[in-house]
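**Q** Provided below are the primary sequence and the corresponding predicted coordinates.
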Amino acid sequence: MRQRRLLRYHGLKRGRVRQTWNKYNLFNIAGLQVRESLFGKTFFQQKWKAKAMTRAYHGEHIPERQWERMFSKKFQTVINMNPQYMAANDGSEEAAGRGSGRKQLGEEKTSALHMLTPHMQMTYAPQERRLDIAVFRALFASSARQARQFVIHGAVTVNGKKMRHPGYLLNPGDLFQVDPVRVMLATGLKKEKAPPNKALKATPEEEESEEPVDEEESSPAEPAAAPAEPLDPHAAHQAMIQELNRLRLHAKTIVDAQQIGAKHKKALRQFMSNVKEAMAKARKIDPARISPKAGSSDTKLVDDLTDALAAFELGLPDKKETKPAPAAEEKAEAPAAEEKAEAPVGPVTAAVLAHKSNIRLNRDEEKILQRLLEQERENPYDPSKPYLTPWKPRPYMAPFAFIPRYLEVNQNICAAVYLRHPVARPGRSEVPSPFPHVIGQLAFNWYLRRR
């Protein structure tokens, strides 16, 4: 069913080109035939065809009436002024008519000045100001529709404030940022779902074939344990919040200690922020609506956070007992223990380490191992992430990986600055489009006539 929807959306027969990184879209771009689609048609039909082709790519999720209100016949262009030519000429050659005997301006121009400025490729420049289109252009989403979903779900901020309107028009100097987890999930490979562990159940035929057991020869059965009484939802809810607060306070005491390194402090601060978010979500839950079966999920949340804190190899204090302060010798050995405590390694590096423990490696194999360990530190294996780790880019991403000039993007923090509005220059336009100048000219004439 999903495959049919994709084929219907991309239209392999009609060759619709969309703002997405899908492989079917790449197929349509590779087989794009412009001249054949316009051959033998009237001027009105050519304008209609060009409008349909460009609108399928530029903001197809935007209603037509809304786009017609955004359309503007005024373009922003940049003309390259050659200072050497301007110093040598006073402009009188521009006014010289034919037959005057003076050299025409075109004979003295360079090849760069001969290039035409594709003004009509700027037809869809107003759409590039939209927040969802800017998120897609900055490579923070794999499609314009996915970028729109990020904005609506509150994963995008503009100038530090959450923005839930995909049609928000950016101004020069605006800074927008996307949740890094959403970006890694959208632009990376998906994690394969593990098959469910279904308990093997005996079929009715197997149950009938079982031989009866003699009660006298069998050992006396132990008394069945009494069923556990269901916990009070209010008490379980308060206990969960207290346990989360205890984890946060313990992490804070570890951060305040002086015998741990900067990496551990950074990881523990991230852990404290995760606990705060979990406590905030837990306080929003109405205990009256908690069913008795929901207690397992609450305890699982606390167990996961406890295991996350235990991964730092710093230990958890007992709820009642407190551990004495480490002696001077233990403090001296603390830095050495920190170096050994590392993040969980991936399956490939773990296999190499296991191989090294059994067989002695030569120099080349040691270099390979060191390179794998460095890659593991830069791109660690983390089974708790929703995307595949170590992170790898999704397939068919390379042909679409480009960033327009009017955006300044920082991929490390998933943020970008909208520098200015797109402009047209001699020979190129800053509005990304897979269509040539002829199609943009026809589409502009269609909307100019409609205006």
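**A** Happy to help now that I have it.
**Q** summarise which helices and strands the helix or strand where Arg55 lies is packed against.
**A** Using DSSP states H and E, Arg55 sits within helix 43-57. In terms of contacts (3 or more CB pairs under 8 Å, 6 or more residues apart in numbering; DSSP states H and E), helix 43-57 is packed against helix 34-38, helix 437-450. Bear in mind the C-beta positions are built from the backbone N, C-alpha and C, glycine included.
**Q** same for the first one, what does it pack against?
**A** Using 3+ CB pairs under 8 Å, 6+ apart as the contact criterion, the elements in contact with helix 34-38 are helix 43-57, helix 437-450.
**Q** so which bits of the helix holding Arg55 are buried?
**A** Gln46, Lys47, Lys49, Ala50, Lys51, Met53, Thr54, Arg55, Ala56, Tyr57 (16 or more other CB atoms under 10 Å).
**Q** what average pLDDT does it get?
**A** Average pLDDT, helix 43-57: 91.
**Q** Asn22: what's it in contact with?
**A** Counting by CB atoms under 8 Å, 6 or more residues apart in numbering, Asn22 makes contact with Leu6, His10, Ser143, Tyr396.
**Q** select from these every entry located in helices.
**A** Counted as lying in helices by DSSP state H, out of these, are Leu6, His10.
**Q** number of nearby residues for the residue nearest to Met397 when sequence neighbours are not counted?
**A** Ranked by CB to CB, 6 or more residues apart in numbering and with sequence neighbours excluded, the top spatial neighbour of Met397 is Trp21, at 5.7 Å. Using other CB atoms under 10 Å, Trp21 is surrounded by 24 other residues.
**Q** one more: Asn274?
**A** Residues lying near Asn274 (other CB under 10 Å) number 17.
**Q** quick check: it vs Ala282, distance?
**A** Separation of Asn274 from Ala282 (CB to CB, to the nearest Å): 13 Å.
**Q** Leu6 too?
**A** Here Leu6 is placed at a distance of 39 Å from Ala282 (CB to CB).
**Q** what about the two, which has more around it?
**A** Counted by other CB under 10 Å, Leu6 and Ala282 do not tie: Ala282 has more neighbours, with 18 against 15.
**Q** the residue nearest to Met397 against Arg145, yeah?
**A** No. Using CB atoms under 8 Å as the test, Trp21 is too far from Arg145 to be in contact (11.7 Å).
**Q** alpha carbons of stretch 436-443, as CSV, please.
**A** Coordinates of each C-alpha in stretch 436-443 appear next as CSV, following Å, rounded to 0.1, in the frame of the first residue of the first chain:
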residue,chain,number,x,y,z
PRO,A,436,15.8,25.2,-17.6
HIS,A,437,15.3,28.9,-18.2
VAL,A,438,12.7,28.2,-20.9
ILE,A,439,10.3,26.5,-18.5
GLY,A,440,10.8,29.3,-15.9
GLN,A,441,10.0,31.9,-18.5
LEU,A,442,6.8,30.2,-19.6
ALA,A,443,5.7,29.7,-16.0
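**Q** got the buried residues for that stretch?
**A** Neighbour-count burial for stretch 436-443, counted by 16+ other CB under 10 Å, picks out Ile439, Gly440, Gln441, Leu442, Ala443.
**Q** got the domain boundaries for the protein?
**A** The chain breaks down into these domains under automatic domain parsing: 2-75+119-188+404-450, 233-340, 347-378.
**Q** most packed of these?
**A** Comparing the domains of the chain by mean neighbour count (mean count of other CB atoms under 10 Å), domain 2-75+119-188+404-450 ranks first with a mean of 17.
**Q** wait, what's in contact with the nearest residue to Phe271 once chain neighbours are set aside?
**A** Spatial nearest neighbour of Phe271, excluding adjacent residues (CB to CB, 6+ apart): Ala251 at 5.5 Å. Each residue near Ala251 by CB under 8 Å, 6+ apart is listed here: Leu268, Phe271, Met272, Val275, Leu309.
**Q** and Met184, how far is that from Gln270?
**A** Going from Met184 to Gln270 by CB to CB gives 15 Å.
**Q** scratch that, Phe140
**A** Per CB to CB, Phe140 is found 21 Å from Gln270.
**Q** also His119?
**A** Look at His119 and Gln270: by CB to CB, they are 50 Å apart.
**Q** excluding chain neighbours, what is closest to Thr123?
**A** Phe444 (4.4 Å).
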